[in-house]
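J.: predicted model follows, preceded by the sequence.
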Amino acid sequence: MMPVPAGTRVWLATGPTDMRKGFNGLALLAQEQLKRDPHSGHLFVFRGRRGDLIKVLWHDGQGFCLFAKRLERGRFIWPMTAGGAVTITAAQLGYLLEGIDWRAPQRTWRPHAVG
């Protein structure tokens, strides 16, 4: 997983995004569609129409970084809101990048106290 600096917000762009867009196109979407400053240091996550590809845009203070991930099987879980953005935590982003349902992750086992 990519390191997320403390205090960084993660914004999911709801609705499908044209995945042919690069740095400038995604920065423009963050600014105009999400109404956020793409140079703020926050992460902006976009998903393609098929749902198996995401791109994460981040400005590190020196320039833009672009991270892309395509799932070989399955789809990324995405909010079903009509437009705009949804904010998630860095931990939820970790689940999202692993293809796990970040809305309600479940433990596979519970530790037992020894006593």
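T.: Now that the structure is in, tell me what you want to look at. Residues are numbered from 1 along each chain as shown.

J.: ok, which stretches of the protein are helices?
T.: Counting by DSSP state H, the chain has helices at residues 23-32, 90-97.

J.: tabulate these (a markdown table), appending distance to Lys69 and mean neighbour count.
T.: For glycine as for every other residue, the C-beta is placed from the backbone atoms N, C-alpha and C. Below are these laid out as a markdown table (distance: least, C-beta to C-beta, whole Å; neighbours: other C-beta atoms under 10 Å):
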| stretch | distance to Lys69 | mean neighbour count |
| --- | --- | --- |
| helix 23-32 | 14 | 16 |
| helix 90-97 | 6 | 18 |
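
J.: among those, which comes closest to Gln62?
T.: helix 23-32 (13.1 Å; C-beta to C-beta).

J.: just the CA coordinates of that closest one, formatted as CSV?
T.: What follows is helix 23-32 as a C-alpha-only set of coordinates in CSV (Å, rounded to 0.1, in the frame of the first residue of the first chain):
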residue,chain,number,x,y,z
PHE,A,23,-2.2,14.1,-14.2
ASN,A,24,-3.8,17.2,-15.6
GLY,A,25,-7.2,15.8,-16.5
LEU,A,26,-7.6,14.2,-13.0
ALA,A,27,-6.4,17.4,-11.3
LEU,A,28,-9.0,19.3,-13.3
LEU,A,29,-11.7,16.9,-12.2
ALA,A,30,-10.6,17.3,-8.5
GLN,A,31,-10.9,21.0,-8.9
GLU,A,32,-14.1,21.4,-10.9
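
J.: who are the packing partners of that helix?
T.: Under the contact definition 3 or more C-beta pairs under 8 Å, 6 or more residues apart in numbering; DSSP states H and E, helix 23-32 sits against strand 10-13, strand 43-47, strand 53-59, strand 64-70.

J.: average pLDDT across the first one?
T.: Right, the one you point to is strand 10-13. Averaged across strand 10-13, the pLDDT comes to 94.

J.: okay, now the unreliable bits of the protein?
T.: Counting by pLDDT under 70, the chain has low-confidence residues at 1-2, 82-83, 105-112, 115.

J.: who does the residue nearest the centre of the chain form a beta bridge with?
T.: For the chain, the residue nearest the mean C-alpha position is Val45 (3.5 Å; C-alpha atoms, centre = their mean). Beta-bridge partners for Val45, by DSSP bridges, are Leu12, Val56.
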